[in-house]
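J.: From the sequence below, what's the structure:
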Amino acid sequence: MRSLIENKKGGMSDLFLFMIIAVILLFTSGVFIFIGNTTFDKLEETIGGREFGTVENSSEVIQDSFGSVTESYSALNWITTLLIIGMIMSIFIGSYLVTTKPVFFIPYSIITIVAIIVAVGISQSYDMVTGNEILAGSFAGFTGGNYVMIYLPVWIAIIGIVGAVIMFVRMGSREREIYGGGGYYG
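T.: Sure thing, here's the model as predicted:
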């Protein structure tokens, strides 16, 4: 495990991974909630209130069985937000652990600018999907996730800049550790 942390050379693709995973996570969770709610409503509509054999009211059975599924899917609203926050924190930790040279500041800056441009398109696409009247109710509960995705270019800029600061400030302290001394007190 120690060698994995010490030999970490990446970190530039983290912004793209963050965007891709966040979009997939939110879309998948939204689709699960949409399917769960739609299925529950259709079950209630078609067989709700009927009597089947010893079951006096099928609505209770539907609520006890499939109602639990829709209730558990509602936890996805806050789970997705926590996962997104965790991914942001992992980018910062990864930036701290990366050993890099000053020459990589320019490629990192270019990659951050490209990530911001890509984030604009992803943010607009997410806004179109969640603004759809059929899916709007399913995505309404994703307060934190929706906020991050609507302002994704701003978030990518902040994460990229803070990640660069952490990475390249750490680089200076690492060089002092390796080469010894530094400053006036050498």
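
J.: what's the offset of the helix ranked longest in the chain from the middle of its chain?
T.: The longest helix of the chain (DSSP state H) is helix 14-47. Helix 14-47 sits 14 Å away from the centroid of its parent chain (Cα atoms, centre = their mean, to the nearest Å).

J.: Could you point out the helix or strand that follows it?
T.: Next in sequence after helix 14-47, counting helices and strands by DSSP states H and E, comes helix 58-73.

J.: So which elements touch that next one?
T.: helix 14-47 (3 or more Cβ pairs under 8 Å, 6 or more residues apart in numbering; DSSP states H and E). To be clear about C-beta, it is placed using only N, CA and C from the backbone, and glycine gets the same treatment.

J.: Now do the buried residues in the helix it packs on.
T.: 14-15, 18-19, 22-23, 25-27, 29-30, 32-34, 36-37, 40, 43-44 (16 or more other Cβ atoms under 10 Å).

J.: Stretch 58-71 too?
T.: Ser58, Ser59, Val61, Ile62, Gln63, Gly67, Thr70.

J.: Likewise for stretch 129-138?
T.: Under 16+ other Cβ under 10 Å, the buried positions of stretch 129-138 are Val129, Thr130, Leu135, Ser138.

J.: Show only the entries of those found in helices.
T.: Val129, Thr130, Ser138.

J.: wait, what's in contact with the nearest residue to Ile33 once chain neighbours are set aside?
T.: Closest residue to Ile33 apart from its sequence neighbours, by Cβ to Cβ, 6 or more residues apart in numbering: Ser138 at 4.5 Å. Applying Cβ atoms under 8 Å, 6 or more residues apart in numbering, we find Ser138 in contact with Gly30, Val31, Ile33, Phe34, Asn37.

J.: Model confidence for the first one, exactly?
T.: The predicted local confidence for Gly30 comes out at a pLDDT of 92.

J.: separation between the closest residue in space to Leu83 that isn't next to it in sequence and Leu43?
T.: Spatially, and ignoring its direct neighbours in sequence, Leu83 is nearest to Leu25 (6.1 Å; Cβ to Cβ, 6+ apart). Using Cβ to Cβ, to the nearest Å, one gets 27 Å for the distance from Leu25 to Leu43.

J.: in which helix or strand would I find Trp78?
T.: Per DSSP H and E: helix 76-97 holds Trp78.

J.: Please list the residues outside that helix that contact it.
T.: 5, 8, 10-11, 14-15, 18, 21-22, 25-26, 29, 32-33, 141-145, 148, 155, 159, 162-164, 166-167, 170.

J.: just to revisit the earlier point, from the contact counts, what lies against the longest helix of the chain?
T.: Counting by 3+ Cβ pairs under 8 Å, 6+ apart, helix 14-47 packs on helix 58-73, helix 76-97, helix 105-131, helix 136-139, helix 143-150, helix 152-179.
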